[in-house]
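Colleague: Next input, structure requested:
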Amino acid sequence: MFGVSIYKIIGILVAVGLLVGYYMHTQSKLEELNQTVATKEFALKSAEATIAKTQEDLKRQTEIASKINADYQQARREVDTMRDKFNRDGKDLDQRATEDSSDLERRVNRATKRALDCIENIINKETGNGC
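Modeller: The predicted model follows:
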């Protein structure tokens, strides 16, 4: 009978040893998986931050593009206005200059004087004359 109980004790010790080995292996695997989860969580937070920054940049770029487009449209309107002024009555500047050179000369001189006055006022830091 004594022999059977030694086998039982040896069997129990082997079983306990296997259970301890399994427990240690499981704990090691859990630690490895916890590290993997932490790495993945960090990567996820980093990706979310990158996405948020990209969306913010895209919004800013869209706003800038809208402003540039509005400025471009305003410049086009101003160019069209100037074309209309220089192309009154279907005549371009050359035609008007040859037909009524004294009127055109008077206008150019007056505009040149205004431009020079504006430059002088800017240099002297004064305001006036519509500058």
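Colleague: Quickly list the domain ranges of this protein.
Modeller: Listed by automatic domain parsing, the domain ranges of the chain are 1-86, 87-131.
Colleague: Mind telling me which of the ones you listed the model trusts least?
Modeller: Of all the domains of the chain, the minimum mean pLDDT falls on domain 87-131 (a mean of 76).
Colleague: Quick one: list the elements packing against the helix or strand where A115 lies.
Modeller: Per DSSP states H and E: A115 is located in helix 101-123. Judged by 3 or more Cβ pairs under 8 Å, 6 or more residues apart in numbering; DSSP states H and E, the packing partners of helix 101-123 are helix 93-99. Where you see a C-beta, it was placed from the backbone N, CA and C, and this is true even at glycine.
Colleague: Pull the CA coordinates from the helix holding A115 and hand them back as CSV.
Modeller: Extracted in CSV, the C-alpha atoms of helix 101-123 (Å, rounded to 0.1, in the frame of the first residue of the first chain):
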residue,chain,number,x,y,z
SER,A,101,-6.2,113.2,-77.6
SER,A,102,-6.5,116.4,-75.6
ASP,A,103,-9.3,114.9,-73.4
LEU,A,104,-7.2,111.7,-72.8
GLU,A,105,-4.1,113.7,-72.1
ARG,A,106,-6.0,115.8,-69.6
ARG,A,107,-7.3,112.7,-67.9
VAL,A,108,-3.9,111.0,-67.8
ASN,A,109,-2.2,114.1,-66.4
ARG,A,110,-4.9,114.4,-63.7
ALA,A,111,-4.6,110.7,-62.8
THR,A,112,-0.8,111.0,-62.7
LYS,A,113,-0.9,114.0,-60.5
ARG,A,114,-3.3,112.2,-58.1
ALA,A,115,-1.0,109.2,-58.0
LEU,A,116,2.1,111.3,-57.3
ASP,A,117,0.2,113.2,-54.6
CYS,A,118,-0.8,109.9,-53.0
ILE,A,119,2.9,108.7,-53.1
GLU,A,120,4.0,112.0,-51.5
ASN,A,121,1.3,111.7,-48.8
ILE,A,122,2.4,108.2,-48.1
ILE,A,123,6.0,109.3,-47.8
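Colleague: That'll do, ta.
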